[in-house]
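K.L.:
Provided below are the primary sequence and the corresponding predicted coordinates.
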Amino acid sequence: MIEIKNLEKTFYIKASFSNRKTVQAVRHVSFSIPSGGAISLIGESGCGKTTIGRMLCGMETPTSGSIIIDGQDLSTLKRKERNRLLQKIQLIHQDPYQALNPTHTIQQMLAATLKKMARQKKKGPEWVRQRMDELLRLVGLDPETILFKYPHMLSGGQRQRVIIARALTVEPDLLIADEVVSMIDVSLRLGILKLLRDLRENYNISILFITHDIASARYLGSNTELYVLYKGMIVEKGYTEQIIRQPHHPYTQALLSAMPILNGIEKPGKDRFVLTSQFKQSDTDPSGCLFADRCPFSQPSCSEKRPELVQDGDSYHACFFPEVRNVAAESV
Amino acid sequence: MANVSTAHAEYQQENHKPEMAISARNINVVYATPTGKIPAVRNVNIDLPKGSITGIIGESGSGKSTLIMAIMNAVTKPGKIESGSVILNSKNDLLKLSSEQQRKIRGKEIGFVFQAAQNSLNPLRRVGQQILDLGRSHDVKDLRGLIKYAKELLARLGLDADRVLASYQHELSGGMRQRVGIMFALVLKANIIFLDESTTALDMLSQAAVLEIIRELQKEKNLTIALVSHDIGVVADLSERIEIFYAGEIVEEGKTSKVLSDPGHPYTKGLIQAIPRISGDIDAAEPLKGSSPDFKTYQQPGCLFYDRCPIRTDACRESRPELESIGKDHKVSCFRVGADDRN
């Protein structure tokens, strides 16, 4: 069980000698992932979704708020203790072409951590070999053909599988999958998504799935919760399927509208709209709704006060004028 | 009156083939390697009708970029165009022109937008300076007019033109660079635009915005566009016709809606099933079996899709199917069109 409470992150950027600019990357984000559960964070580039992932795995220190792993608050722990806990959280990067050492074979890569694990568990080299085979089979690779290859001999999909296998060597509780399929061919994405779902359902590993593509979030299992982030703030949350069918927040609707339509087997939702304005990182924080300047449905009052994430029936959203719009593509 | 004009339009459609902006015939490209020649593109015929968007779909390693480079006559070593012709506007054969003539055509008549726009911009020069460089190399007399047109295009693309012209490429975001790339392709008033994975590196919202802009500009300026991507979603959204490319050959072509709703080739079927979609049954989605084509695939004598095909027979291993018509404007290269693959 991993819990995040009121997590905030502010970056300071030196603009000139006299003034310091601040960028509020994450604002009051709270969620919890039960073991074997999954959460997807959705948002465009720059919305803070990667920062949340980095804070969770200890690569970034939160400005305020707490990360609680198995009931222990990370910030109160000593360094050694903290590192032991953080080992249970593994990050998988977006770019499978840069995450592997080009001078090591797959066997060397996996053996490095597995040997350490074997010492901890007081097991011999036989265990390392067995475990290596087991992990590679688990991620859908054939150990005999893959073990002695170098990364450049593998395709993008195979590399991503190797990276997942490497993350699994330390027996993590949570995998943070940061845009894991965006660099892979569309035809191979489903295989990786199925693997993540399989790890969840059969090995009780929780998944934090970070993406800009709502469609791929559907394939992690029906009980996956979806959190829509805009400028570091959660603007809508709920179960994936429910949000796709009944999005309340205009930003969620913009994301759903942005999905390409497969002419011939899909037709656009009747309220579909395309947001052509660009995401801008503003210097000053607006006092009103963060999305007001791009929102096609904004009212004058939107820029006066900022809406909070509130419960409305069975959905949670942060909008003063929520309205369900039919924007997602439908099958013909 | 209205009836007469529609009848006339139909008559025109049936009896007059649309004029082709680019008509490529029998393109063959081979890569010479120490282990022998690899046919990267084999006997490809492709037409880009004037004023329409054609999509080309293929996985990484399918040779789709090589095909585009062959059409532009820009294949780099160790690749070599063995044979074929590329007729531009029913006049010149691009493959026979001198390199100086080709250089003039690229940019002025054919624009190109690359996947990674950041790699196609000069990091040491501001965007405005690069437009001037482009103008000078194409003997544009009115450079002031060129900058004015560039500003117009940038505004059209939803950017702050003055800021962009004064920026270096590292000062622009991914979405902005891609838009700048589109501006560069259009600024010399090229009518034929190649988009090679131009939206792949963008997130959903910028991708949708860029696609929308491409759609609008295409209508407004009656551009001929070839859209190359591995993402069937992007291609299906934008293009009127699609060409499915696998291991150096076209395996299926036709009207987009027809090919998607009634795919003939097992590869097309697999591709459509393998995309994460926002609609439809999650459990019906099935990853494509096997791995992307590699150099061994290209050298096999039979059907190139043999090792991944769910409906293969022994005959498929020995001989290779040709592209044949299975309906109006719908061609497939498969011996087993219509065979049931549900077992």
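P.N.:
The structure has been received and is ready for your questions.

K.L.:
remind me which residues of chain A are low pLDDT?
P.N.:
Counting by pLDDT under 70, the low-confidence segments of chain A come to A:15-18, A:281-283.

K.L.:
could you show me where the strands are in it, in order?
P.N.:
Using DSSP state E, the strands assigned to chain A run over residues A:2-14, A:20-33, A:38-42, A:64-69, A:72-73, A:89-92, A:174-178, A:206-211, A:225-230, A:233-239, A:266-267, A:310-312, A:315-317, A:330-331.

K.L.:
when you compare where the longest one runs with where strand A:2-14 runs, what's the angle?
P.N.:
This means strand A:20-33. Counting by axes from the mean of the first three to the mean of the last three CA atoms, to 10 degrees, strand A:20-33 lies at 170 degrees to strand A:2-14.

K.L.:
ok, back up a step: nearest to chain B, out of the strands of chain A?
P.N.:
Chain B sits nearest to strand A:330-331 of all those, at 4.5 Å, using CB to the nearest CB. The C-beta positions use only the backbone N, C-alpha and C, and glycine is treated the same way.

K.L.:
So which residues of chain A form helices?
P.N.:
Using DSSP state H, the helices of chain A run over A:49-56, A:79-86, A:106-121, A:125-138, A:143-146, A:156-168, A:186-203, A:214-217, A:240-245, A:250-257.

K.L.:
among the ones you listed, which is the most enclosed?
P.N.:
helix A:250-257 (a mean of 27; mean count of other CB atoms under 10 Å in any protein chain shown).

K.L.:
Is it positioned near chain B?
P.N.:
Yes - residues of helix A:250-257 contacting chain B under CB under 8 Å from any CB of the partner chain: A:254, A:255, A:256, A:257.

K.L.:
Between those, which sits nearest residue A:51?
P.N.:
Residue A:51 has its nearest neighbour among the residues of helix A:250-257 next to chain B in residue A:255, at 18.7 Å by CB to CB.

K.L.:
The closest one is in contact with residue B:204, isn't it?
P.N.:
Yes - Residue A:255 is within contact range of residue B:204, at 6.1 Å (criterion: CB atoms under 8 Å).

K.L.:
Now do the shared contacts for those two.
P.N.:
Here residue A:255 and residue B:204 have A:44, A:212, A:214 as joint contacts, going by CB atoms under 8 Å, 6 or more residues apart in numbering or on different chains.

K.L.:
ok, the second one - how many residues close by?
P.N.:
A count of neighbours around residue A:212, defined by other CB atoms under 10 Å in any protein chain shown, yields 23.

K.L.:
Can you report how many residues lie near the residue lying closest to it once chain neighbours are set aside?
P.N.:
Closest residue in space to residue A:212, ignoring its immediate chain neighbours: residue B:203 at 4.1 Å, by CB to CB, 6 or more residues apart in numbering or on different chains. The number of residues packed near residue B:203 is 23, by other CB under 10 Å.

K.L.:
what bridges to the residue positioned nearest the centre of chain A?
P.N.:
Geometric centre of chain A, nearest residue: residue A:210, 1.7 Å, by CA atoms, centre = their mean. Residues in a beta bridge with residue A:210, per DSSP bridges, are residue A:41, residue A:178.

K.L.:
From residue A:54, how far off is it?
P.N.:
10 Å (CB to CB, to the nearest Å).

K.L.:
repeat for residue A:138
P.N.:
26 Å.

K.L.:
repeat for residue A:237
P.N.:
Using CB to CB, we find residue A:237 at a distance of 21 Å from residue A:54.

K.L.:
With residue B:128 instead?
P.N.:
Between residue B:128 and residue A:54 the computed distance is 36 Å (CB to CB).

K.L.:
can you list the residues that contact stretch B:297-311?
P.N.:
Against stretch B:297-311 from outside (CB under 8 Å, 6+ apart): B:36, B:38-40, B:246-249, B:251, B:265-267, B:270, B:288-290, B:293, B:312, B:316-321, B:334-336, B:339-341.

K.L.:
Run the chain-centre distance for it.
P.N.:
24 Å (CA atoms, centre = their mean, to the nearest Å).

K.L.:
Endpoints of it, how far apart?
P.N.:
Terminal residues of stretch B:297-311 are spaced 18 Å apart (CA to CA, to the nearest Å).

K.L.:
Pull out the buried positions in it.
P.N.:
Of all the residues in stretch B:297-311, those buried under the rule 16 or more other CB atoms under 10 Å in any protein chain shown are B:297, B:298, B:302, B:303, B:304, B:305, B:306, B:307, B:308, B:309, B:310, B:311.

K.L.:
mind listing what the nearest residue in space to the second one that is not next to it in sequence touches?
P.N.:
Once flanking residues are discounted, residue B:298 sits nearest to residue B:38: 5.0 Å by CB to CB, 6+ apart. The neighbourhood of residue B:38, defined by CB under 8 Å, 6+ apart, consists of B:30, B:31, B:295, B:298, B:299.

K.L.:
my hunch is that residue B:38 is in a helix, does that hold up?
P.N.:
No - counting by DSSP: H, G, I helix; E, B strand; the rest coil, residue B:38 is not found in a helix; it is strand.

K.L.:
What's the separation between it and residue B:306?
P.N.:
17 Å.

K.L.:
cool, and residue A:123?
P.N.:
Distance check for residue A:123 against residue B:306: by CB to CB, it reads 44 Å.

K.L.:
Those residues of the stretch 101-250 of chain B touching chain A, which are they?
P.N.:
Within the stretch 101-250 of chain B, the residues that sit near chain A (CB under 8 Å from any CB) are B:158-159, B:173-176, B:203-209, B:211-213, B:230-234, B:236-238.

K.L.:
Would you mind listing which of those are buried?
P.N.:
Neighbour counting by 16+ other CB under 10 Å classes B:158-159, B:173, B:175-176, B:203-209, B:211-213, B:230-234, B:236-238 among those as buried.

K.L.:
out of these, which are inside helices?
P.N.:
The helices in this structure, assigned by DSSP H, contain B:175-176, B:204-209, B:211-213, B:232-234, B:236-238 from these.

K.L.:
got the contact list for the closest residue to residue A:294 other than its chain neighbours?
P.N.:
With CB to CB, 6+ apart as the criterion, residue A:294 has its nearest non-adjacent residue at 4.8 Å, and that residue is residue A:277. By CB under 8 Å, 6+ apart, residue A:277 lies in contact with A:293, A:294, B:158.

K.L.:
need the residues you listed in TSV with distance to residue A:150, can you?
P.N.:
As requested, the contacts of residue A:277 are arranged in TSV below (distance: CB to CB, whole Å):
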residue	distance to residue A:150
A:293	49
A:294	45
B:158	44
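
K.L.:
that older thread, need the contact list for the residue nearest to the centre of chain A.
P.N.:
A:40, A:41, A:49, A:50, A:52, A:53, A:176, A:177, A:178, A:179.

K.L.:
of those residues, closest to residue B:60?
P.N.:
residue A:179 (17.3 Å).

K.L.:
Need phi/psi at the closest one.
P.N.:
Backbone torsions of residue A:179, given as degrees, to the nearest 10, read phi 50, psi 40.

K.L.:
I'd assumed residue A:94 was in contact with it.
P.N.:
Yes - between residue A:179 and residue A:94 there is a contact at 3.9 Å, judged by CB under 8 Å.

K.L.:
Can you show me the CA trace of stretch A:186-203 as CSV?
P.N.:
Extracted C-alpha coordinates of stretch A:186-203, given in CSV (Å, rounded to 0.1, in the frame of the first residue of the first chain):
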residue,chain,number,x,y,z
VAL,A,186,1.5,1.0,-32.2
SER,A,187,1.4,-2.6,-33.2
LEU,A,188,3.5,-3.8,-30.2
ARG,A,189,2.0,-1.5,-27.6
LEU,A,190,-0.8,-3.9,-26.6
GLY,A,191,1.8,-6.6,-25.8
ILE,A,192,3.5,-4.4,-23.2
LEU,A,193,0.2,-3.2,-21.7
LYS,A,194,-1.0,-6.8,-21.4
LEU,A,195,2.3,-7.7,-19.6
LEU,A,196,1.7,-4.9,-17.1
ARG,A,197,-1.8,-6.1,-16.5
ASP,A,198,-0.6,-9.6,-16.1
LEU,A,199,2.0,-8.5,-13.5
ARG,A,200,-0.8,-6.8,-11.6
GLU,A,201,-3.3,-9.6,-11.7
ASN,A,202,-1.0,-12.6,-11.2
TYR,A,203,2.0,-11.2,-9.2
